[in-house]
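In: this is a predicted model, with the sequence first.
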Amino acid sequence: SWVALPPDGSTSLHDGGGWPVDSYTPKDWASSVKSDQDIGSGGLLILPVGISAKYPHLGVQPGKDGKIRLLNLADLSGKGGPGNLGGELQSYSFSKMGNMRSQGAVWTNPKDGKAWVFITGHGGVAGFQIAVDSAGKPSLSLKWTLLNSWTTSAFVANGVLYAANGGGEHTTDLKTHQVQAIDPTTGKVAWTGSIGEHHWSSPIMANGVLYMIDGNSGGFGTGTSGHLIAWSL
């Protein structure tokens, strides 16, 4: 579940327990729990305010169950309170991406002001735009996919999308391990940097320098071997 708290962090009391102001729990939560297909590890991507006048506060939530949910953050359950099931604005089944349990990224294209969401998972990385119909209802619109193996968390810097593939617990079975610089509007790879086997590690950028760790430093195996790699123009 995802829960929403008031700005002061308080809860309301019911039957001796504290309740949040709202919550979201998928209707099939029982089967998800039983099969270890929780939705929490995919993170919550908060979109810019006002994309939809009808639903100005939106969030995108990818899950281990192969589904991406578009949520109304102002009314998660659609019923104005916690303890309810369902309520998502959209549930997008994405079997090509498979198990989604790393953090995606949100970006607004400065050329046209359109919001993008980038989702990573076992299949690779994909780019979505947020579409709004004539009735004001928002939805996820898939624009491109880059299906080149398990991809860890992504980020956008200076108009470039960065993500590392070849990760996860099956990294030893994968032939390619690299950091990728991707055009966020087309999914075209502009540059790659070779890395070694890695588990949950993801690239970061600071002061124009791109960093990535691999080997044991990247959460794969045990010990102290591995590398911290840096690239710059």
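Out: Sure thing, it's come through. Numbers count the residues shown, from 1 in each chain.

In: centroid-nearest residue for this structure?
Out: residue 104 (3.0 Å; Cα atoms, centre = their mean).

In: who's the nearest residue to it once chain neighbours are set aside bridged to?
Out: Nearest non-adjacent residue to residue 104, counting by Cβ to Cβ, 6 or more residues apart in numbering: residue 119, 4.7 Å away. For glycine as for every other residue, the C-beta is placed from the backbone atoms N, C-alpha and C. Counting by DSSP bridges, residue 119 is bridged to residue 126.

In: any idea how far residue 30 is from residue 119?
Out: Residue 119 is 25 Å from residue 30, where distance means Cβ to Cβ, to the nearest Å.

In: which one of the two has more residues nearby?
Out: A side-by-side neighbour count of residue 119 and residue 30, using other Cβ atoms under 10 Å, places residue 119 first with 28 against 9.

In: please report how far that one lies from residue 173.
Out: 23 Å.

In: where does residue 68 land on pLDDT?
Out: Residue 68 is assigned 95 on the pLDDT scale.

In: and what about it, helix, strand or coil?
Out: strand (DSSP: H, G, I helix; E, B strand; the rest coil).

In: gap between it and residue 185?
Out: 19 Å.

In: okay, now the residue lying closest to residue 43 once chain neighbours are set aside: neighbour count?
Out: Leaving aside its sequence neighbours, residue 43 sits nearest to residue 103 (Cβ to Cβ, 6+ apart; 4.3 Å). Neighbour count for residue 103, taken as other Cβ under 10 Å: 19.

In: and what of residue 174?
Out: Residue 174: 15 neighbours (other Cβ under 10 Å).

In: got the contact list for it?
Out: 149, 150, 165, 166, 197 (Cβ atoms under 8 Å, 6 or more residues apart in numbering).
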